[in-house]
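Q: Have a look; sequence and predicted model below, questions after that.
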Amino acid sequence: MTVVASVSPLTARRRLGAALRMLRDQHALTTEEVGAHLNCHNSKVSRIENAKRACTKKDFDGLMELFGVEEPRLSELKALMIKGRQRVPPWWYAFNDVISANYEEFLAYEAEAVECYEFQPLLIPGPLQTSDYARAVTGTGFTALGPDQVDSLVEVRMKRQQRLREDEPLVIDAVVTEAALHLLVGGVRVMREQLRHLIDVSRLENVRFRVIPFRAGEKGASTGAFLLFASGRDVEAEVAFIESAENTTAYQDNPLTLKRLNRLFRNLSDAALSEDDSRELIESIEKELILNE
């Protein structure tokens, strides 16, 4: 019970959903069969198992009866059900007027993650951006945003960075191509500040930042940005977000997709420079910008 009290509603829903899916598998039941027992559509069962919706007490009681769950496991799962139904507005609730449903889902998983792995072919990862750099890239592409919307989204990005400096900070393992360091986002001044900021933030114990140099050739040739979240240290990611051409992120939890993305990230990491060599490259590029001003 104490452990449940310390987790968020989203984490509780995810743990309960995983437990329910395992119980269903153990009983060799389909979502259709479980839905028939609960007198609901199988999509509702899937959404509960995938933490897309909270489990009601009525549905919970029906599931426990169907699966024959007894104490003490029954009390453990009930505590998760109760916690998962709590309505605690997250910090990004204040930005609902500019946050899309996809972005809200992304922020929820980021808030719960222990570790993340991010690959960016052309841009600096969001948690490592300066406010001026973030402002320059926000709103570009297909979506036309007004100044107030851009300001709000930049504020969201800056608040996301607070996780890097918490008592139990988010661990980020970021890999970018050398092109991301040369792309002159926001002009020379903004880019120089961004490169200096990268050098500073990359020295944090919970930040690992590496660069795939141009000379890596096809080993570093991957055009799509993606980010993986893991709920524990030194475990493979359980959730992925893949960026599209429309600057939106698509949620992925398909086991095969996750396996491929975890492998792709390892391959890209192998093509990258060490952390120290990456910092040296950043410093050399910043010096070039100084000379070209």
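A: Yep, that arrived.

Q: Next SSE downstream of the helix-or-strand element of the chain with minimal mean pLDDT?
A: Among the secondary structure pieces of the chain, namely its helices and strands, helix 2-5 has the lowest mean (mean pLDDT, DSSP states H and E), a mean of 56. Using DSSP states H and E, the helix or strand that directly follows helix 2-5 along the chain is helix 9-26.

Q: what's the model's confidence in that next one, averaged?
A: Per-region confidence: helix 9-26 scores 90 on mean pLDDT.

Q: what's the helix or strand for the nearest residue to Leu227 once chain neighbours are set aside?
A: Counting by C-beta to C-beta, 6 or more residues apart in numbering, the nearest residue to Leu227 once its immediate chain neighbours are dropped is Glu118, at 4.4 Å. Any C-beta I mention is one placed from the backbone N, CA and C, and that applies to glycine too. Using DSSP H and E, Glu118 sits in strand 115-120.

Q: Name the residues that touch that strand?
A: By C-beta atoms under 8 Å, 6 or more residues apart in numbering, the surrounding residues in contact with strand 115-120 are 110, 125, 127, 170-177, 180, 222, 225-230, 232-233, 235, 237, 262, 264-265, 268.

Q: residue ranges of the helices in the chain, please?
A: Assignment of helices within the chain using DSSP state H yields the ranges 2-5, 9-26, 31-38, 42-49, 57-67, 73-84, 101-112, 131-137, 147-160, 179-182, 188-201, 255-271, 275-292.

Q: Just want the angle from the last one to helix 188-201.
A: Put plainly, it is helix 275-292. Comparing the axes of helix 275-292 and helix 188-201 via axes from the mean of the first three to the mean of the last three C-alpha atoms, to 10 degrees yields an angle of 160 degrees.

Q: ok, the residue lying closest to Thr30 once chain neighbours are set aside - contacts?
A: Distances taken as C-beta to C-beta, 6+ apart place Asn42 nearest to Thr30, at 7.4 Å, with adjacent residues excluded. By C-beta under 8 Å, 6+ apart, the contact set of Asn42 is 30-32, 34-35.

Q: same check, this time on Thr11
A: If you count contacts by C-beta under 8 Å, 6+ apart, Thr11 has them with 112, 231.

Q: do the same with Leu74
A: Leu74 sits next to Met64 when contact means C-beta under 8 Å, 6+ apart.

Q: now do His27
A: Each residue near His27 by C-beta under 8 Å, 6+ apart is listed here: 66-67.

Q: What distance do you get for the residue nearest the centre of the chain to Leu77?
A: By C-alpha atoms, centre = their mean, the chain has its centre lying nearest to Glu110, at 4.2 Å. In this structure, Glu110 lies at 26 Å from Leu77, with C-beta to C-beta, to the nearest Å as the measure.

Q: Done for today, thanks.
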